[in-house]
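Enquirer: okay, here's the prediction I keep looking at, along with the sequence it came from:
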Amino acid sequence: MRDAVEKAWSEVVDTARRTVSDGLVVGTSGNVSARVGDLVLVTPTGVPYHRLGPDDAVAVDLEGRQVRGELRPTSELPTHLAVYRATPARAIVHTHAPHSTAASTLVGRLPAIHYMTADLGGRVLTAGYALYGSDALAQAVLRALRDGRTGCLMRNHGALTYGDTLDQAYDRTAQLEWMCRVWLLARSANDTGRAATLSNRELHKAREKLKGYGQNGGPLS
């Protein structure tokens, strides 16, 4: 268990640093976590990710009780824990990515601008606005993740995705940010403000085909 926790913490820190280097967050905004059994390894609040090392690990149980580390967990801990308790998530990435945040102010449901919408469980919903770090925000996110969705926008805030691994959760975050960017570009370039989107039938066919994607014919990750 000790080795698994140390490995998960290393991956959490690496992923958090990647969100900064890829321009998905600024400063210490956003947060990352991974579940190991009944423990959740999560980034701390207000600490630049480049300063985090092996001895800075922060772990809580599923009720939010801190069981490892001296640094305080992210203020968005209620949302992370709510998602872990209600979904099969093993890893979560939350960012304040610019295109995702911009799109969250415009729509309650992101138009299906690309077939990769299918990998996020269907049309991406926007969680209603609530104060960051609040239980109200956690419940809004859960509503936006309903029906097996693995990602959502958060109005006037950012985006959140989850996966079986941190790599998968991060890839979904990057994909969602890209889809928001494409939709915003198409919308701004069209005099009507509208863009062609995919139907439910087209998304279903894409989702079925994605099940055979990759070298091993497994799910897209």
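Expert: Arrived safely, thanks for sending.
Enquirer: and for Arg85, the neighbour number?
Expert: 12 (other CB atoms under 10 Å). Glycine gets a C-beta too; all of them are placed from N, C-alpha and C.
Enquirer: likewise for Ala102?
Expert: 15.
Enquirer: ok, Asp3 next?
Expert: 7.
Enquirer: look up phi and psi at it.
Expert: Dihedral pair for Asp3: phi -60, psi -40, per degrees, to the nearest 10.
Enquirer: tell me where the chain has strands.
Expert: Ranges of strands within the chain are 31-36, 39-42, 59-61, 66-68, 91-95, 126-127, 151-154, 158-163, based on DSSP state E.
Enquirer: okay if I get these as JSON lines plus mean pLDDT, distance to Leu145 and mean neighbour count?
Expert: Conversion of those to JSON lines gives the following (pLDDT from 0 to 100; distance: least, CB to CB, whole Å; neighbours: other CB atoms under 10 Å):
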{"stretch": "strand 31-36", "mean pLDDT": "98", "distance to Leu145": "15", "mean neighbour count": "26"}
{"stretch": "strand 39-42", "mean pLDDT": "98", "distance to Leu145": "17", "mean neighbour count": "25"}
{"stretch": "strand 59-61", "mean pLDDT": "97", "distance to Leu145": "20", "mean neighbour count": "18"}
{"stretch": "strand 66-68", "mean pLDDT": "95", "distance to Leu145": "25", "mean neighbour count": "13"}
{"stretch": "strand 91-95", "mean pLDDT": "98", "distance to Leu145": "11", "mean neighbour count": "29"}
{"stretch": "strand 126-127", "mean pLDDT": "98", "distance to Leu145": "8", "mean neighbour count": "24"}
{"stretch": "strand 151-154", "mean pLDDT": "98", "distance to Leu145": "5", "mean neighbour count": "28"}
{"stretch": "strand 158-163", "mean pLDDT": "98", "distance to Leu145": "8", "mean neighbour count": "27"}
